[in-house]
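Asker: Any chance you could fold what I've pasted below:
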Amino acid sequence: MFQYCGRSMKSIEIEEDTILYNMHCDANKKGKSIVSVRASEVVDFSSQYGSSEALSYTAENIIGPPAIFPRTGDNAYSYQLYFFNSFIEFRVETRIIPLLLRVYEVYNPGAIVKVFCYCYETKKWVVMWKGEPQILFPDKSHCFSIDIHGIDFLTDFYRLEFHHKHLNYFCEIDGLILYGEERYSPCFFSNYGFPGSLNLTRTQKYIGCSIEETSFSKEIAQTLSSFSILPDEVVTMILSYLDLQSLCTTARVSKRFYKLCYDPVLFQDLNLQLYWHLVDANAMKSLQSRLSSLKKLNMAWCGGQGRITSQDFIKTGFIVFTDFKTFCEEIPEVGAFTFRGCSNINGLNEVINAISKYLKHSLKTLDLWRATNVSCRGVKDLAECINLVELDLGWCYQIDPSCGCIRQLVTHCPKLKKLFLTAVRTITNSELDAIAMNCPEMEQLDILGTSEYNVASVKNLLECCKNMKLLDISYSASEVKMSVSTLQTTFPSVKIKCSLPYNVNEYYS
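Answerer: Sure, this is the predicted structure:
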C-alpha cells in the first residue's frame with residue numbers, strides 16, 4: 001500500500017534545483033560549470049520483474065524524472081529487480097565528470113552496494129563508490145545520495161549493483177539525478193562506440209598464459225619444500241579453496257603448481273559472474289582446456305559491450321551440440337537448466353519433452369521464468385522428472401491449472417522445495433491442497449497474482465509443509481490479504497509476503 005511521506009513531488013524538484021544552484025555557485029568561482037542529468041537510456045540489466053513488452057516494473061522506469069518519489073510502496077511505474085543480486089547499466093543525457101548521485105528508492109530501500117562509471121579512454125569500468133547494504137524501513141521511501149571523488153574524466157555511462165538478501169522483498173527504484181562538471185573535450189565526444197574486445201587485464205593474462213610463455217621461478221629443492229612431500233591429491237584439495245583469480249596467480253609459482261591449477265576437477269563449478277568486467281572471448285578461449293569436467297557454468301553479467309558473441313561460444317567449444325536432443329543424450333547427468341526469459345523460442349515444449357525423456361532422473365533445477373511458450377503439455381512432461389527440487393514457471397501465461405497439469409506435477413515430484421507459480425492466474429484450492437499433500441519438503445512457494453484460493457487452503461498448506469520458509473501471496477483475494485497478520489502469528493517461522501497494488505491515479509489527485 002502506498003504511503004505519504006509529508007513531502008510532495010514539487011518539493012523534490014525544488015530540492016534538486018537548490019542543490020544544482022549551490023553546486024554551480026561554488027564551481028563558478030573556480031571557472032567551472034555544474035549541470036544535472038538524468039538517465040536517458042537503459043543499456044543492460046540483469047533482471048526486471050516486468051515484461052519486456054510492457055512498462056510495469058521494468059528497467060525503463062528509471063529514465064527521466066521520478067514519477068512516484070517521495071511516495072512509498074509497491075508501484076508498477078517503478079523498476080523492480082527480480083533477483084537478490086542484480087545490476088543495471090544506463091546512460092545519462094550528456095557526458096560529465098560525476099560529483100553527486102541521488103537515486104530515489106520507493107520500496108524496500110537500502111540495496112545499492114556499488115556504483116561504477118565507464119572510462120572511454122581506458123575502456124574499463126571504474127568504481128565510484130562501494131559500501132555495505134543499509135537496514136532501512138521497508139515502507140518508507142529513501143534518497144540514496146553519495147558524493148563522488150577521484151573521477152577526472154567525462155562519461156555518460158554508469159552501473160548500479162544491488163544486494164538485497166537482507167530485505168523483506170525486492171527493492172524498487174523510481175529514478176535518479178546526477179550532478180557533475182560539464183567540460184568540452186572533443187576526444188571524448190568523438191564517438192560512442194565500444195571496442196570489439198577490451199585489453200587484457202593482468203588476471204586475463206594469467207588465465208590465458210601457456211606453459212611455454214610462463215616464466216617459472218627456480219623450484220625449491222624437494223628436500224627443503226614442505227609442500228613437495230604432499231601428494232597431488234592433497235595439494236589439489238587445498239587449491240580447491242582458491243577462487244579463479246588466485247588459481248591463475250598460483251599457477252605461476254612452479255611447473256607442478258601450473259599442472260595442478262589446470263586440473264579440470266577444480267573447474268567443475270565455474271562462476272564467471274564475479275569477473276564480469278574481465279571476461280571476453282580471449283578469456284573463454286584460455287579456459288577451454290580446463291573445462292572437460294565442467295558441471296555448472298555461471299556467466300551472468302558477462303558479455304557486455306559486445307565482448308562475447310554466439311560465435312565466440314562456437315569457436316571456443318562452449319557449444320558442441322547442434323540440437324538439444326543430442327545434448328541430453330550425450331550428457332545425461334546434467335542437473336540444472338535455465339531458459340529464463342526465453343520468450344522467443346517456439347519449441348520449448350519439445351525441449352521440455354527431451355528433458356523429461358533423457359534427464360528425468362538427473363534434473364534437479366529448471367528455470368522457465370517468462371518462457372511464455374511453455375504450455376500445459378510441457379508441465380505434464382515435467383512430471384516425469386521425479387527428482388526436481390526447484391522449478392520456476394512464473395509468468396508462463398499459457399499454463400492453465402484447470403487441466404490438472406500442476407496437480408500432476410506436484411504429485412509426481414515430491415522432492416520439490418522451491419516452486420514459483422508467479423502470475424499463473426488460476427491457481428485454486430485444489431493446487432494448494434495437492435502441494436500440501438505431496439510436497440512435504442516445500443520451503444518456498446510463490447503464487448503471486450492469484451486470487452482463486454482461500455485462507456483455509458493457505459493454512460492447510462502451512463500446516464502440512466513444516467519446512468516452509470517463504471510464501472508469497474501478493475495480490476491475492478481480499479479475504480487472504482486481511483488474514484496475513486493472523487497467519488504470520490500462527491506460523492512465525494514462515495515469512496509471508498503480501499505486497500498490495502497501488503492506484504496511481506490517487507497520487508495525482
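Asker: just the CA coordinates of stretch 361-369, formatted as CSV?
Answerer: Output of stretch 361-369 as CSV, limited to C-alpha atoms (Å, rounded to 0.1, in the frame of the first residue of the first chain):
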residue,chain,number,x,y,z
HIS,A,361,16.5,-38.8,-13.1
SER,A,362,19.3,-36.2,-13.0
LEU,A,363,17.4,-32.9,-13.4
LYS,A,364,17.0,-31.0,-10.1
THR,A,365,16.6,-27.4,-11.1
LEU,A,366,14.7,-25.9,-14.1
ASP,A,367,14.1,-22.1,-14.6
LEU,A,368,11.4,-21.3,-17.1
TRP,A,369,10.5,-17.8,-15.8
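Asker: Can you mark which positions in it are buried?
Answerer: Neighbour-count burial for stretch 361-369 flags 362-364, 366-369 (criterion: 16 or more other C-beta atoms under 10 Å). C-beta: built from backbone N, CA, C; applies to glycine.
Asker: Now do it: everything it contacts.
Answerer: Under the contact criterion C-beta atoms under 8 Å, 6 or more residues apart in numbering, stretch 361-369 has outside partners 82, 332-341, 348, 355, 374, 382, 385-396, 420, 422.
Asker: before we move on, which element is the spatially most central residue of the chain in?
Answerer: Note on the chain: the residue nearest the mean C-alpha position is Ser86, at 3.8 Å, using C-alpha atoms, centre = their mean. Take DSSP states H and E as the rule and Ser86 turns out to sit in strand 85-107.
Asker: avg pLDDT for that strand?
Answerer: The pLDDT scores in strand 85-107 average 94.
Asker: Each with direction, which strands does that strand pair with?
Answerer: strand 39-45 (antiparallel), strand 142-147 (antiparallel), strand 155-163 (antiparallel), strand 172-182 (antiparallel) (DSSP bridges).
Asker: quick check: mean pLDDT across the third one?
Answerer: Spelled out, that is strand 155-163. 96.
Asker: Would you mind putting the CA coordinates of it into CSV?
Answerer: Output of strand 155-163 as CSV, limited to C-alpha atoms (Å, rounded to 0.1, in the frame of the first residue of the first chain):
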residue,chain,number,x,y,z
THR,A,155,31.5,9.9,-19.0
ASP,A,156,27.8,9.3,-19.6
PHE,A,157,27.8,5.5,-18.9
TYR,A,158,27.0,4.2,-15.3
ARG,A,159,26.2,1.0,-13.5
LEU,A,160,24.5,0.3,-10.2
GLU,A,161,24.9,-3.0,-8.3
PHE,A,162,22.4,-4.3,-5.7
HIS,A,163,22.5,-6.7,-2.8
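Asker: What helix or strand is Ile355 located in?
Answerer: helix 348-358.
Asker: Helix or strand next in line after that helix, which one?
Answerer: Next along from helix 348-358, by DSSP H and E: strand 365-367.
Asker: by contact count, what packs against whatever helix or strand comes next after that next one?
Answerer: Downstream of strand 365-367, the next assigned helix or strand under DSSP H and E is helix 376-382. On a contact count with 3 or more C-beta pairs under 8 Å, 6 or more residues apart in numbering; DSSP states H and E, helix 376-382 meets helix 348-358, helix 405-412.
Asker: Please list the outside residues in contact with stretch 394-406.
Answerer: Contacts for stretch 394-406 (C-beta under 8 Å, 6+ apart): 51, 368-376, 379-380, 393, 407, 420-424, 426-428, 430-431, 434, 446.
Asker: With mean pLDDT added, can I get the helices and strands packed on helix 376-382 in a markdown table?
Answerer: Output for these, formatted as a markdown table (pLDDT from 0 to 100):
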| stretch | mean pLDDT |
| --- | --- |
| helix 348-358 | 88 |
| helix 405-412 | 98 |
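Asker: can those helices go into TSV with extra columns for mean neighbour count?
Answerer: TSV is the format used below for those (neighbours: other C-beta atoms under 10 Å):
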stretch	mean neighbour count
helix 348-358	20
helix 405-412	21
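Asker: With distance to Leu487 added, can I get those in JSON lines?
Answerer: JSON lines is the format used below for these (distance: least, C-beta to C-beta, whole Å):
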{"stretch": "helix 348-358", "distance to Leu487": "34"}
{"stretch": "helix 405-412", "distance to Leu487": "21"}
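Asker: What is the burial count for Asn429?
Answerer: 15 (other C-beta atoms under 10 Å).
Asker: Looks like it contacts Ser451 (just checking).
Answerer: No. Between Asn429 and Ser451 no contact is recorded; they are 11.8 Å apart, counting by C-beta atoms under 8 Å.
Asker: Output the below-cut-off pLDDT ranges for the stretch 401-509 of the chain.
Answerer: Where the stretch 401-509 of the chain drops to pLDDT under 70, the residues are 500-509.
Asker: same thing but 50
Answerer: Residue ranges of the stretch 401-509 of the chain with pLDDT under 50: 502-509.
Asker: Where does the nearest residue in space to Leu20 that is not next to it in sequence fall, secondary structure wise?
Answerer: If you skip the residues right next to it in sequence, Leu20 has Ser36 as its closest partner in space, 4.9 Å away by C-beta to C-beta, 6 or more residues apart in numbering. Ser36 belongs to strand 33-37 when assigned by DSSP H and E.
Asker: who touches Val43 in this structure?
Answerer: 89-91, 157, 304.
Asker: Turn the residues you listed into a markdown table, columns for neighbour count and distance to Asn438.
Answerer: As requested, those are exported to a markdown table (neighbours: other C-beta atoms under 10 Å; distance: C-beta to C-beta, whole Å):
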| residue | neighbour count | distance to Asn438 |
| --- | --- | --- |
| Glu89 | 22 | 43 |
| Phe90 | 22 | 45 |
| Arg91 | 19 | 50 |
| Phe157 | 20 | 50 |
| Gly304 | 20 | 43 |
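Asker: Rebuild those residues as CSV, extending it with distance to Lys29.
Answerer: Compiled in CSV, those are given as follows (distance: C-beta to C-beta, whole Å):
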residue, distance to Lys29
Glu89, 35
Phe90, 32
Arg91, 30
Phe157, 30
Gly304, 39
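Asker: Just the CA trace of stretch 480-499, in PDB.
Answerer: Provided in PDB are the C-alpha atoms of stretch 480-499 (Å, rounded to 0.1, in the frame of the first residue of the first chain):
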ATOM      1  CA  VAL A 480      -6.500 -13.700   2.200                       C
ATOM      2  CA  LYS A 481      -4.900 -10.200   2.400                       C
ATOM      3  CA  MET A 482      -6.900  -9.500   5.600                       C
ATOM      4  CA  SER A 483      -5.700 -12.700   7.200                       C
ATOM      5  CA  VAL A 484      -1.900 -12.200   6.600                       C
ATOM      6  CA  SER A 485      -1.300 -10.900  10.200                       C
ATOM      7  CA  THR A 486      -3.100 -13.800  11.700                       C
ATOM      8  CA  LEU A 487      -1.300 -16.400   9.500                       C
ATOM      9  CA  GLN A 488       2.000 -14.800  10.300                       C
ATOM     10  CA  THR A 489       1.300 -15.000  14.100                       C
ATOM     11  CA  THR A 490       0.200 -18.700  13.700                       C
ATOM     12  CA  PHE A 491       3.200 -19.600  11.600                       C
ATOM     13  CA  PRO A 492       6.100 -17.400  12.900                       C
ATOM     14  CA  SER A 493       8.800 -19.400  11.200                       C
ATOM     15  CA  VAL A 494       7.400 -18.600   7.700                       C
ATOM     16  CA  LYS A 495       8.000 -15.300   6.000                       C
ATOM     17  CA  ILE A 496       4.700 -14.400   4.400                       C
ATOM     18  CA  LYS A 497       4.900 -11.800   1.700                       C
ATOM     19  CA  CYS A 498       1.900  -9.800   0.600                       C
ATOM     20  CA  SER A 499       2.500  -6.700  -1.500                       C
END
